[in-house]
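Chemist: sharing a model that was predicted from the sequence below.
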Amino acid sequence: MKNWFMLSLVGRDQPSIVAKLSAGLCKNGCNLGESSMSRLGNYFTIMLMVEHEGDKSSLQTITSSVCNPLKLDSHLVLLEDGSQQHFEPDVRISLFAEDRMGVVEDATVPLANAGLNILHLESDLGENTEAGTYYIHLEGTLAQGITPIYNVLEKLEKEKGIKSHLIPINAQIS
């Protein structure tokens, strides 16, 4: 029986991580599904859905043989629903604020309360860390339409100084 697993990896960035990982998994009979890979600082992070005929222990043996030489720390989770689902986002939102503790919470909590399900989020601190701008870029689906999101973004600018730019990317939303 084939099972789907979520494999998450982190380690110092180095050339060929993706090539060596994908080749090692495929040569051992693994099918690669959705993934998210990114360089964060001096580290490379990977989240990857892997289909494998076998249990968690047998896949862990395979991933260890591939990841140990690359000095990647790994974590493996069996996906109990046995599959992968892909969701297309309804909106793309960019947020800009003065860097301070709590800015991600200040933005994401009211957006979630207004029905935004965040599918993807990236954040970064601008070049000048003294008076830095914190950037948050996210994509998500809407449970309550777009109007509550616009209302939250307006309130975030007035009350928290968080500027925003929203792009609807699903023509069906209202």
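Modeler: On my side now, so go ahead. Residues are numbered from 1 along each chain as shown.
Chemist: name the nearest residue to the residue nearest the centre of the chain, ignoring sequence neighbours.
Modeler: In the chain, the C-alpha nearest the mean C-alpha coordinate belongs to residue 120, at 4.7 Å (Cα atoms, centre = their mean). Closest residue in space to residue 120, ignoring its immediate chain neighbours: residue 139 at 4.5 Å, by Cβ to Cβ, 6 or more residues apart in numbering. C-beta coordinates here come from the backbone N, C-alpha and C atoms, glycine included.
Chemist: now whichever helix or strand that neighbour is part of: buried residues?
Modeler: With secondary structure defined by DSSP states H and E, residue 139 is part of strand 133-142. Within strand 133-142, the residues that count as buried by 16 or more other Cβ atoms under 10 Å are 134, 136, 138-142.
Chemist: can you give me the end-to-end span of stretch 96-108?
Modeler: End-to-end distance for stretch 96-108: 13 Å, by Cα to Cα, to the nearest Å.
Chemist: need the contact partners of it.
Modeler: Under the contact criterion Cβ atoms under 8 Å, 6 or more residues apart in numbering, stretch 96-108 has outside partners 95, 118, 121, 123, 125-126, 129, 131-136, 138, 156, 160-164.
Chemist: how about 10 Å then?
Modeler: Here stretch 96-108 makes contact (Cβ atoms under 10 Å, 6 or more residues apart in numbering) with 93, 95, 109, 116, 118, 121, 123, 125-126, 128-138, 140, 152-153, 156-157, 159-165.
Chemist: how far away is residue 49 from residue 86?
Modeler: Residue 49 is 10 Å from residue 86, where distance means Cβ to Cβ, to the nearest Å.
Chemist: oh, I was asking about residue 35
Modeler: 12 Å.
Chemist: quick one: which of the two has more around it?
Modeler: Set residue 35 next to residue 86 and count neighbours by other Cβ atoms under 10 Å: residue 35 wins out with 14 against 7.
Chemist: contacting residues around that one?
Modeler: 7, 18, 21-22, 46-50 are the contacts of residue 35 under Cβ under 10 Å, 6+ apart.
Chemist: could you give the bridge partners of it?
Modeler: Note on residue 35: beta-bridge partners by DSSP bridges are residue 48.
Chemist: with the one 4 residues further on instead?
Modeler: Counting by DSSP bridges, residue 39 is bridged to residue 44.
Chemist: burial count for it?
Modeler: So residue 39, with other Cβ under 10 Å, has 10 neighbours.
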